[in-house]
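Undergrad: fold the following.
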Amino acid sequence: MSAYSYPLVDNQNPLYCPTISASSYLSSVRRRVRVQRLKPQTLSQNNRNLDSFVNALEKALQEKKPVLRELSPSDDDCALPLSSVLPENLDFSFNHATTSRPLLKRKFSGSSFRELHSPAKYPRSTRSVREVSLEVDAKAQQNRYFPPKPQNSSRALLMKHSMKTDIPGELKAKIQILEDQLNGPPIGTESPRGIKSFVQLLAGLLPGMHLQERILKLPELSHQGIADFLSEHGLLNVRVMAILRTSEIWRLGLTESMHNEDGLNLAGRDILPVFGKPNSFIFLAELSFCGTRLENTDLVHIHHLPRLATLLLNNTGIGNEAVYHLVALKRSLSQLSIATNPNIDDDAMPALLVLSKLTFLTLLDTNVNMPGLRRLAQVISDGHRIFDIEIPLACEHYIANMATHYLADPRPPLIAKAAAAPELSVAALRRNLAAHQACNPALVATGTKPEMVGRLRHILETRKMDLLVLEMVLGAEEFVERQFR
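TA: Got it, this is the predicted structure:
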């Protein structure tokens, strides 16, 4: 390694750094000083000054006093003088006492020396040996251009105080609201104490009606008994329904509460969205809207009730669209009444066919006709289902007068199966058609053979389907007894 007697100095650029590092330069100086200490007689005045400079520099670096002042955002990184790094009382005199101990290397990480590094490759001017150029290695630290935020300010203390006091209370209230929306408010059990608090809660929702005294006089003091009382007196509004939706009631009638009497009622259709809330009326098995006015889309609110088995929609003004909304209840719905709704006709039959759990259906005073009933009867017969149905009066009249439409009980040599019609001769076809024409003069018994085959097959297929409708209406046992009379 080369030895450097004097540091390289740039008069025009005091922060110019030579190609060697400061640590390399100081190591070279220490080795030279050690060699000269072994031979004191060879020390010259310049060498003594150099040794004094090194010892003073080591002493200054070992002091705990900061050698750099803290920068502010307005300081210029390239304008720091060398006097701010070295102490003012630096002594360059030679001291033999300090040369007796070995010099120690020491790295500092507490101060930042970025100010001593020059910009990249400044142009070099004349060389001088009378001034000092110094470079110190240290860990770089990021300059701080803005003062740190106070940690104990009044605003910070206020925020900490609010975090400990106000927010948990607000959070607890919000959690309670969310729980009530999800699971409903707690209503207690059907014990005497639970019923009393439940009645007090209802009385608070309907003040001025002496509701608590009236309910406590009921013979059946239970959630279902209270719901029946409220339903009978038309007291089911939105708030009461929100209380009842988590109870274990299995029957609910909304006729009185939703019935529009001269434009005045307590609830109307506004209570329907309560059924759509999560975990609402999961035990409800019977629901009645009889006599209330509903829109077809209103049934969307109830089509997810998991245990709904009986649904009464008499005289509600619904149409075919509403019947299709009931398809979602196919797993539980067993009894359905859509009577007195003239907007329901044969087009609603495909939706009714999907309700495979139905055992009772009322179609009175609807526009469902024989074609729709024939489709339904075929599905009931193929599934061997026990089914009770009430059909419109027009359909009942048709079934009761089947003998006026065709020959209801053909005997040999007449045929009763439509599949045998193509095998008959022209004479046999005319004979069969003439027998049916005798019952219904509107029928035609002449024509070409294909025409007569088609006409006879249509009559016999209609007769077969009508018999299935009759069996569905009368029941299997009564139908068989009637056939053998």
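Undergrad: going by C-alpha atoms from here, please, whenever you check contacts or count neighbours.
TA: Fine.
Undergrad: end-to-end on stretch 232-252?
TA: 10 Å (Cα to Cα, to the nearest Å).
Undergrad: next: stretch 301-310.
TA: Across stretch 301-310, first to last residue, Cα to Cα, it's 16 Å.
Undergrad: give the buried residues for it.
TA: Going by neighbour count (16 or more other Cα atoms under 10 Å), the buried part of stretch 301-310 is 301, 302, 303, 304, 305, 306, 307, 308, 309, 310.
Undergrad: right, and residue 301 touches residue 269 too?
TA: No: taking contacts as Cα atoms under 8 Å, residue 301 lies outside contact range of residue 269: 10.8 Å.
Undergrad: so what sits against both of the two?
TA: Between them, residue 301 and residue 269 share no contacting residue under Cα atoms under 8 Å, 6 or more residues apart in numbering.
Undergrad: that older thread, turn the buried residues of stretch 301-310 into a markdown table, including pLDDT.
TA: Shown next, in a markdown table, are the buried residues of stretch 301-310 (pLDDT from 0 to 100):
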| residue | pLDDT |
| --- | --- |
| 301 | 93 |
| 302 | 93 |
| 303 | 88 |
| 304 | 87 |
| 305 | 93 |
| 306 | 93 |
| 307 | 94 |
| 308 | 96 |
| 309 | 97 |
| 310 | 97 |
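Undergrad: can you put the residues you listed in JSON lines and add secondary structure and distance to residue 24?
TA: JSON lines is the format used below for the buried residues of stretch 301-310 (DSSP: H, G, I helix; E, B strand; the rest coil; distance: Cα to Cα, whole Å):
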{"residue": "301", "secondary structure": "helix", "distance to residue 24": "86"}
{"residue": "302", "secondary structure": "coil", "distance to residue 24": "88"}
{"residue": "303", "secondary structure": "coil", "distance to residue 24": "87"}
{"residue": "304", "secondary structure": "coil", "distance to residue 24": "84"}
{"residue": "305", "secondary structure": "coil", "distance to residue 24": "86"}
{"residue": "306", "secondary structure": "coil", "distance to residue 24": "86"}
{"residue": "307", "secondary structure": "coil", "distance to residue 24": "90"}
{"residue": "308", "secondary structure": "coil", "distance to residue 24": "92"}
{"residue": "309", "secondary structure": "coil", "distance to residue 24": "95"}
{"residue": "310", "secondary structure": "strand", "distance to residue 24": "98"}
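Undergrad: can those go into a markdown table with extra columns for distance to residue 365?
TA: Below are the buried residues of stretch 301-310 laid out as a markdown table (distance: Cα to Cα, whole Å):
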| residue | distance to residue 365 |
| --- | --- |
| 301 | 26 |
| 302 | 24 |
| 303 | 24 |
| 304 | 28 |
| 305 | 27 |
| 306 | 29 |
| 307 | 28 |
| 308 | 24 |
| 309 | 23 |
| 310 | 19 |
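Undergrad: could you point out where the chain is predicted with low confidence?
TA: Counting by pLDDT under 70, the chain shows low-confidence ranges at 1-22, 25, 33, 35-168, 176-184, 260-267, 476-477, 479-485.
Undergrad: since we're on residue 337, how many residues are nearby?
TA: Per other Cα atoms under 10 Å, the neighbour tally for residue 337 reads 21.
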